[in-house]
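Undergrad: Next comes the sequence, and after it the predicted model I'd like to discuss.
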Amino acid sequence: MILRDLVDRLTTSVVGRRREIDLVVAALVADRHIVLEGPPGTGKSTLLRAVAAELGIGFEFVEGNAELTPARLVGHFDPARVLADGYDPAVFVDGPVVSALRDGSLLYIEELNRVPEETLNVLVTVMSEREINVPRLGRVAAAPGFRLVAAMNPFDAVGTARISSAISDRVCRLAVDYQDETEELAITRRHGAAVTDEFAARSVELVRRTRLHPDLRSGSSVRGSIDLSAVAASLADVRGSSTEDPEVSLDAVLIALSGRVRVREGCGRTPEDIVTELWREIFAPATEEAQGDTGKANAPTGATPVG
């Protein structure tokens, strides 16, 4: 396998992220475990799935959350069959850890730092010794190719906890942040609806401003601009209008972004107030120009007023 060719192929399926692709491929080829840490919507899962596909490695997906128990992660004996056949290995139901070990696959855990510590402790021996000992089943050793790959949000995100040093000492860590405006526009154009280049650019600009707004604790990822473009295109069809209609663009902004942003405690404003304000700044000037209006554009009837 020529790694440079593999990386070049990955750049056609993953927008940007050349440095991150290089590092993830290098870590996996070096037989290391790796965790990607960054805000939601920064393409961590997309990158890991694409690398696994190009390397031809299996992919066991685990959704990390507070309800993930060791039994769900490792596997369990089927109670009904145990009553009939006893604790025979044939009645053991493999969990994702055992499946990944047997098959030599990547064990991908999403939202790693939302997983309870008791469950994470199961992974310590798996990562260091590349095996697990399951009561009444015995030892399951890793086939060649097994690695742990994981994604997690920054520690200060709601619902997250610090990863123990026993885990962090056994993984390589790569910090992933939001991509630049050009790359986010390319992602929006690739995955969004058929809107004009100008509308897509304004959508990306608005989403990026949510991350900098002083009244917002957290803004939207690029998924917001993708949904904004898609909803605006559909809403224009529903209303027999166009995405240039201010009522279409504002309503699309509200539905796509108001649930994705988090207002700072004590701010006294609603998400609708803030995204409407941003809509005025970014979309309203285009409306004024189109209408030949030199005054300030008003929000459409029924829209949430800015506080």
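TA: Right, received. Where do you want to start?

Undergrad: tell me, how many neighbours does the closest residue in space to residue 215 that isn't next to it in sequence end up with?
TA: Leaving aside its chain neighbours, residue 215 sits nearest to residue 267 (4.8 Å; criterion: Cβ to Cβ, 6 or more residues apart in numbering). To be clear about C-beta, it is placed using only N, CA and C from the backbone, and glycine gets the same treatment. Using other Cβ atoms under 10 Å, residue 267 has 14 other residues around it.

Undergrad: Quickly note the distance from residue 267 to residue 27.
TA: 41 Å (Cβ to Cβ, to the nearest Å).

Undergrad: show me where the stretch 151-300 of the chain has strands.
TA: Counting by DSSP state E, counting those that start in this stretch, the stretch 151-300 of the chain has strands at residues 172-175, 216-218, 262-263.

Undergrad: With distance to residue 166, mean pLDDT and mean neighbour count added, can I get these in TSV?
TA: Shown next, in TSV, are the strands of the stretch 151-300 of the chain (distance: least, Cβ to Cβ, whole Å; pLDDT from 0 to 100; neighbours: other Cβ atoms under 10 Å):
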stretch	distance to residue 166	mean pLDDT	mean neighbour count
strand 172-175	14	91	15
strand 216-218	29	89	17
strand 262-263	31	90	16
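
Undergrad: In JSON lines: those strands, plus distance to residue 276.
TA: Output for those, formatted as JSON lines (distance: least, Cβ to Cβ, whole Å):
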{"stretch": "strand 172-175", "distance to residue 276": "33"}
{"stretch": "strand 216-218", "distance to residue 276": "13"}
{"stretch": "strand 262-263", "distance to residue 276": "13"}
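
Undergrad: Which of those sits closest to residue 109?
TA: Closest to residue 109 of the strands of the stretch 151-300 of the chain is strand 172-175 (Cβ to Cβ; 13.9 Å).

Undergrad: How far away from the center of its chain is the closest one?
TA: With Cα atoms, centre = their mean, to the nearest Å as the basis, strand 172-175 stands 16 Å off its chain's centre.

Undergrad: from memory the residue nearest to residue 215 sits against residue 261, does it?
TA: No - contact criterion Cβ atoms under 8 Å: residue 267 and residue 261 do not qualify, at 11.2 Å.

Undergrad: does residue 150 belong to a helix or a strand, and which?
TA: strand 147-152 (DSSP states H and E).

Undergrad: counting contacts, what elements does that strand pack onto?
TA: With contacts taken as 3 or more Cβ pairs under 8 Å, 6 or more residues apart in numbering; DSSP states H and E, strand 147-152 sits against strand 34-37, helix 44-55, strand 106-110, helix 122-129.

Undergrad: Pipe these into TSV and attach distance to residue 214 per row.
TA: Shown next, in TSV, are the helices and strands packed on strand 147-152 (distance: least, Cβ to Cβ, whole Å):
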stretch	distance to residue 214
strand 34-37	25
helix 44-55	27
strand 106-110	31
helix 122-129	40
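
Undergrad: Helices of the stretch 101-250 of the chain, residue ranges please.
TA: When assigned using DSSP state H, counting those that start in this stretch, the helices of the stretch 101-250 of the chain occupy the ranges 117-120, 122-129, 165-168, 181-191, 197-210, 222-238, 246-257.

Undergrad: Among these, which comes closest to residue 19?
TA: Closest to residue 19 of the helices of the stretch 101-250 of the chain is helix 181-191 (Cβ to Cβ; 12.4 Å).

Undergrad: And this protein, what are its domain boundaries?
TA: Domains of the chain are assigned by automatic domain parsing as 3-175, 181-291.

Undergrad: so who does the nearest residue to residue 9 once chain neighbours are set aside touch?
TA: Counting by Cβ to Cβ, 6+ apart, residue 54 is the residue found nearest to residue 9 once chain neighbours are left out, at 5.9 Å. The contact partners of residue 54, by Cβ atoms under 8 Å, 6 or more residues apart in numbering, come to 6, 9, 10.

Undergrad: do residue 133 as well
TA: 125, 139, 140.

Undergrad: wait, which of these is closest to residue 176?
TA: Out of these, the member with the shortest distance to residue 176 (by Cβ to Cβ) is residue 125, at 27.7 Å.

Undergrad: For that closest one, which non-adjacent residue is closest in space?
TA: In space, residue 125 is closest to residue 132, 6.4 Å off (Cβ to Cβ, 6+ apart).

Undergrad: Can you list the low-confidence ranges for the stretch 151-300 of the chain?
TA: Scanning the stretch 151-300 of the chain for pLDDT under 70 picks out 155-160, 192, 285-300.
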